[in-house]
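Undergrad: no sequence for this one, just the structure:
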């Protein structure tokens, strides 16, 4: 089975987000967990979204357990959850299964 490279950045801790903000004006942050069936269903959509946004925005995936403080700060209640970040402007979370169009629109709204 061939595995394609992913343009998704995996966030290890909340401090890494500050570094990403310095390098990327636009960020689509996805909170996702391996045990979550809808999160697994969104994996392909998230990869395709990352390729669509290449050069425009970073697509970042965070595990809520590793980034509990960040999830609490952003008001994340469940997974999958998506947040668009433009410098210091942060969108309200969007939850559940989304289309590529919805995810792209989150970035383009800013």
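TA: Done, it's in. As the structure is a computational prediction, the values presented were derived from the model and not from experiment.
Undergrad: which stretches of this structure aren't confidently modelled?
TA: Scanning the chain for pLDDT under 70 picks out the ranges 1-6, 110.
Undergrad: Quick one: the strands in the chain, in order.
TA: For the chain, the strands defined by DSSP state E occupy 8-11, 26-31, 58-62, 81-86, 89-90, 94-95.
Undergrad: Would you mind putting those strands into CSV with mean neighbour count alongside?
TA: Where you see a C-beta, it was placed from the backbone N, CA and C, and this is true even at glycine. CSV is the format used below for the strands of the chain (neighbours: other CB atoms under 10 Å):
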stretch, mean neighbour count
strand 8-11, 18
strand 26-31, 24
strand 58-62, 23
strand 81-86, 22
strand 89-90, 12
strand 94-95, 15
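Undergrad: Could I get those in CSV, plus columns for distance to residue 18?
TA: Below are the strands of the chain laid out as CSV (distance: least, CB to CB, whole Å):
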stretch, distance to residue 18
strand 8-11, 11
strand 26-31, 11
strand 58-62, 12
strand 81-86, 11
strand 89-90, 13
strand 94-95, 23
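Undergrad: Let me know which of the ones you listed is the nearest to residue 44.
TA: Nearest to residue 44 among the strands of the chain is strand 8-11; the distance by CB to CB comes to 11.3 Å.
Undergrad: Show me the strands paired with that closest one, marking each as parallel or antiparallel.
TA: With DSSP bridges as the test, strand 8-11 is paired with strand 58-62 (parallel).
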